[in-house]
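In: Dropping the sequence and predicted coords here.
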Amino acid sequence: MDDETVDRTYGPAARAALAAFPIDAQDLTLVSLSENVTFRVTDGRDGRAYVFRLHRPGYHTLDELVSERAWIRALAGAGIDVPAAVMTRDGQDYVPVTIPATGEQRFAGLASWTEGRLLSDVLAETADQKRVEESFEQLGAITAAMHNQASTWQPPSGFKRHALDSDGLMGMEPHWGEFWEHRALTAGERRLLLDVRRRMHDLLSGLSRDPHAYSVIHADMHPGNIVVDGDRLTVIDFDDAGYGWHQYDIATALTHWQTKPNADEIERAFLAGYRANRPVPDEALSLIPQFRLIRWMATIGWFHQRPEVNRPSAIFEERKAWVLDQCAALQRTPTSC
C-alpha cells in the first residue's frame, strides 16, 4: 500500500482521533504500516514531535493496551529510557476509532517521539567490532535493569497481558501462530516441527515461574527496538510485552546475530552487561540455546499469521533453515532438549 493509499485509508480517522489529545496536530507523516499504522506528528505550538499509533485490531484489548502503558510508566520510574505516553484531554490512554474505508475498530494512542537512530541500523553500518560489542553490552545492561524492575514490581489491579508460557510459546494454539502450518514447509518439515514443539513445551512446563525468573518481559528485545541518540539508548515497541521467562528476552536479543561470524563475542558482551547488573545462575543461562530455537520457531508463526508478510524472503528463509537444522539435530539426540 503506497503512502497516498495509506493516507486515504487511515488519514481521516487518524486526524479525527488526534483531536482528543492536547496538541495542535500538524504534519501527520506515515512512519510504518505493519501490524500497527504508525505516524509521526508535530505539535504546531512548539514543534515537538510525537508518535501516533493506530493499533491493529484483534491483538490487544483496551485493558491490555492500558496495562502495557502501566508497565512503561513503571520502567520510566525505575530510570529506564522509554517513550512518554500522552493522555487524552479527558485523561484516557487511548481513543477508540473506526476506519471507514475498512470498517476496522482500532485504538489510537500518542507518545513522545524518540530522536535518534535504530541500533540495528547503526550496527549494520559499522565495521568497528568494539563498537558492536559495546552496544550489546549496553543492551545486556538495559535488559537486566528491566528484569530487575519487573521482578519486584506489583502490577496495578486489573493489569492484563498475554502469557508467553509453555502454551503461549509452544502450545497447540501459540500466541504468534501455528508455526508448523506455514505454507513454505513440507509435510516432513511440519512433522519435525510438531515433534520439537512437543519437546520444547515439555521443557518449558518444567521451568520455575518464580518472579525472579518469570515476570513481565519486553519479548521483542532486539536492536531494531532500541533507539540510539549519543550515549542514550531508549527501548521502544512494547506491543509484544507479556509474562514470560527472562531467558526469552536474552535469547531474542541474541538470535538476530547468531548466524554472524562474531556471534560468540556478541553473546559474551551481552551477558557481561547483563550479569554486571543482575545475577543469573549458569543453570538458567544453559537454556539460552533452547530459547533461541523457541524464538525463531515462534517467528515462523509470526510470518504465517500475517498474510501481508507471508511471502518468501531472505530473512524468513534464513530462519526457517536454521530452525530445521536445529530441530533435526534435536531428533538425533532423543534424551536431551
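Out: Ah, there it is.

In: domain parsing for the chain?
Out: Domain ranges of the chain: 3-112, 117-331, per automatic domain parsing.

In: how far does the last one sit from the chain's center?
Out: A distance of 9 Å separates the C-alpha centroid of domain 117-331 from that of its chain, computed with Cα atoms, centre = their mean, to the nearest Å.

In: Please apply the same query to the shortest one.
Out: Using Cα atoms, centre = their mean, the mean C-alpha position of domain 3-112 is found 18 Å from that of the whole chain.

In: where does the stretch 151-300 of the chain have low pLDDT?
Out: Applying pLDDT under 70 to the stretch 151-300 of the chain flags no residue at all.

In: how about the helices of it, start to end?
Out: 166-170, 187-205, 246-255, 263-275, 282-285, 288-305 (DSSP state H, counting those that start in this stretch).

In: highest average neighbour count across those?
Out: A comparison of those by mean neighbour count, using mean count of other Cβ atoms under 10 Å, puts helix 246-255 on top with a mean of 25. C-beta: built from backbone N, CA, C; applies to glycine.

In: what residue lies at the spatial centre of the chain?
Out: Central residue of the chain (Cα atoms, centre = their mean): residue 220, 2.5 Å from the mean position.

In: Which parts of the stretch 51-200 of the chain are strands?
Out: All strands of the stretch 51-200 of the chain, identified by DSSP state E, counting those that start in this stretch, fall at 85-86, 95-99, 104-112, 117-118, 163-164.

In: Now tabulate these in a markdown table and tack on distance to residue 314 and mean neighbour count.
Out: Below are these laid out as a markdown table (distance: least, Cβ to Cβ, whole Å; neighbours: other Cβ atoms under 10 Å):
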| stretch | distance to residue 314 | mean neighbour count |
| --- | --- | --- |
| strand 85-86 | 36 | 18 |
| strand 95-99 | 32 | 16 |
| strand 104-112 | 31 | 20 |
| strand 117-118 | 19 | 14 |
| strand 163-164 | 27 | 20 |
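
In: wait, which of those strands is closest to residue 137?
Out: strand 117-118 (17.9 Å; Cβ to Cβ).

In: average pLDDT for that closest one?
Out: Averaging pLDDT along strand 117-118 yields 96.

In: related to what we said a few turns ago, so can I have TSV of the helices of the stretch 151-300 of the chain showing distance to residue 328?
Out: Formatted as TSV, the helices of the stretch 151-300 of the chain follow (distance: least, Cβ to Cβ, whole Å):
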stretch	distance to residue 328
helix 166-170	18
helix 187-205	7
helix 246-255	18
helix 263-275	20
helix 282-285	24
helix 288-305	12
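
In: Which of those sits closest to residue 132?
Out: Closest among those, using Cβ to Cβ: helix 263-275, at 6.8 Å.

In: what's the closest one packed up against?
Out: If you count contacts as 3 or more Cβ pairs under 8 Å, 6 or more residues apart in numbering; DSSP states H and E, helix 263-275 packs onto helix 129-152, helix 246-255.

In: Nearest to residue 275, out of the ones you listed?
Out: Comparing the helices and strands packed on helix 263-275 by Cβ to Cβ, helix 129-152 comes nearest, at 7.6 Å.

In: which parts of that closest one are buried?
Out: 132-133, 135-151 (16 or more other Cβ atoms under 10 Å).

In: likewise stretch 207-218?
Out: 212-218.

In: Format those as a markdown table; extra columns: distance to residue 69.
Out: Formatted as a markdown table, the buried residues of stretch 207-218 follow (distance: Cβ to Cβ, whole Å):
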| residue | distance to residue 69 |
| --- | --- |
| 212 | 24 |
| 213 | 25 |
| 214 | 22 |
| 215 | 17 |
| 216 | 12 |
| 217 | 16 |
| 218 | 14 |
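
In: In terms of distance to residue 231, which of these ranks first?
Out: Minimum distance to residue 231 across the buried residues of stretch 207-218 is 20.8 Å, recorded for residue 218 (Cβ to Cβ).

In: Could you tell me the backbone phi and psi angles at that closest one?
Out: phi -70, psi -40 (degrees, to the nearest 10).

In: Settle this for me: it is touching residue 235, isn't it.
Out: Yes: using Cβ atoms under 8 Å, residue 218 is in contact with residue 235, at 6.7 Å.

In: Spit out the residues that contact these two alike.
Out: 146, 225 (Cβ atoms under 8 Å, 6 or more residues apart in numbering).

In: ok, back up a step: residue 30 is nearest to which of the helices of the stretch 151-300 of the chain?
Out: helix 288-305 (22.1 Å).

In: picking that back up, name the stretch from the helices of the stretch 151-300 of the chain that approaches residue 33 most closely.
Out: helix 288-305 (16.4 Å).

In: and the gap between residue 244 and residue 228?
Out: Residue 244 sits 25 Å away from residue 228, going by Cβ to Cβ, to the nearest Å.

In: which of the two has more neighbours?
Out: The neighbour count for residue 244 versus residue 228, taken as other Cβ atoms under 10 Å, is higher for residue 244 (27 against 21).
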